[in-house]
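**Student:** this is the structure alone, sequence omitted:
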């Protein structure tokens, strides 16, 4: 079976602050979206800015939760708990 090597993986980073309800919802929502629409085609990294505060400045994070799509291009930033699946899919450039 030939694997399609032209499919680019989504590189996603989610920045949260601790186990707040909004951070917890954002993690659950993005995991559900990825497993439903990008299964096998994504890498999701989750960073807690309470544990790694220097990342906020490095990545230019001014609000949390923030999801950053690094690839495929163009890069995108989405802020909030990612509860509006349609808006998240649109923001990530995913056609449902």
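**Tutor:** Structure received. Since this is a predicted model, take the numbers as computed values, not measurements. Numbers count the residues shown, from 1 in each chain.

**Student:** so residue 47: helix, strand or coil?
**Tutor:** Under DSSP: H, G, I helix; E, B strand; the rest coil, the three-state class of residue 47 is strand.

**Student:** show me what the top helix by length along the chain is packed against.
**Tutor:** The longest helix of the chain (DSSP state H) is helix 21-37. Helices and strands touching helix 21-37, as assessed by 3 or more Cβ pairs under 8 Å, 6 or more residues apart in numbering; DSSP states H and E, comprise strand 10-16, strand 42-48, helix 85-92. C-betas here are computed from N, CA, C, even on glycine.

**Student:** strand 42-48 and the last one, what's the angle between them?
**Tutor:** In this case it means helix 85-92. If you take axes from the mean of the first three to the mean of the last three Cα atoms, to 10 degrees, helix 85-92 sits at 100 degrees to strand 42-48.

**Student:** tell me the buried residues in helix 85-92?
**Tutor:** By neighbour count with 16 or more other Cβ atoms under 10 Å, helix 85-92 contains the buried residues 88-89, 91-92.

**Student:** for it, give me every contacting residue.
**Tutor:** For helix 85-92, contacts defined as Cβ atoms under 8 Å, 6 or more residues apart in numbering pick out 10, 29-30, 33, 37, 67, 69, 76, 78, 82, 95-96.

**Student:** OK, contacts around residue 76?
**Tutor:** Residue 76 neighbours (Cβ under 8 Å, 6+ apart): 68-69, 91-93.

**Student:** turn the residues you listed into JSON lines, including pLDDT.
**Tutor:** Formatted as JSON lines, those follow (pLDDT from 0 to 100):
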{"residue": "68", "pLDDT": "97"}
{"residue": "69", "pLDDT": "97"}
{"residue": "91", "pLDDT": "94"}
{"residue": "92", "pLDDT": "95"}
{"residue": "93", "pLDDT": "92"}
